[in-house]
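Give me coordinates for this.
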Amino acid sequence: MEIGKRIAALRETKGWTTNRLANQCGLSQSFLRSVELGEKGISVESLSLLCDALGVSLKQFFDQPSGQDTEREALLRQVDRLTPIQRQALSVFLGTLLGER
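This next block holds a predicted model:
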């Protein structure tokens, strides 16, 4: 597992910029970006701060979900951010896409 890529993936599923995540956990944006790109390593303490900000435990961070599970979770998080009208429109679209309407 590449830790930086995992951090970036979790951050992106929340719809956060590196700046927002850095501010949430008290790390510099440049440091966080370097970690995400694999240019720098990260201490357990800093990783713990990131996990807290992202709402995951260290165990969850290191669990290797399948790509499909990660994709599904990301989609569900996006749906959770939709308004009721947007959800209805999405439902109609998906029904059409799947040939159910």
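
Show the contacting residues for A74.
A74 makes contact with 12-13, according to CB atoms under 8 Å, 6 or more residues apart in numbering. Where C-beta positions appear, they are placed from N, C-alpha and C, glycine not excepted.

Okay, and it sits in which element?
helix 67-80 (DSSP states H and E).

how big is the angle separating whichever helix or strand comes after that helix from helix 67-80?
Sequence-wise, the next helix or strand downstream of helix 67-80 (DSSP H and E) is helix 84-97. Interaxial angle, helix 84-97 versus helix 67-80 (axes from the mean of the first three to the mean of the last three CA atoms, to 10 degrees): 140 degrees.

I'd like the mean pLDDT over helix 84-97, please.
Averaging pLDDT along helix 84-97 yields 93.

on that earlier part again, for the helix holding A74, buried residues please.
A74 (16 or more other CB atoms under 10 Å).

Repeat that for stretch 28-35.
Those would be 32-33, 35, for stretch 28-35 by 16+ other CB under 10 Å.

Dump the helix or strand hosting L49 to CSV, keeping only the CA atoms.
According to DSSP H and E, L49 maps onto helix 44-54. The C-alpha coordinates for helix 44-54 follow below in CSV (Å, rounded to 0.1, in the frame of the first residue of the first chain):
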residue,chain,number,x,y,z
VAL,A,44,2.6,7.6,13.0
GLU,A,45,1.6,10.8,15.0
SER,A,46,1.0,12.8,11.8
LEU,A,47,-0.9,9.9,10.2
SER,A,48,-3.0,9.6,13.3
LEU,A,49,-3.9,13.3,13.0
LEU,A,50,-4.8,12.8,9.3
CYS,A,51,-7.0,9.8,10.1
ASP,A,52,-8.8,11.7,12.8
ALA,A,53,-9.5,14.5,10.4
LEU,A,54,-10.7,12.0,7.8
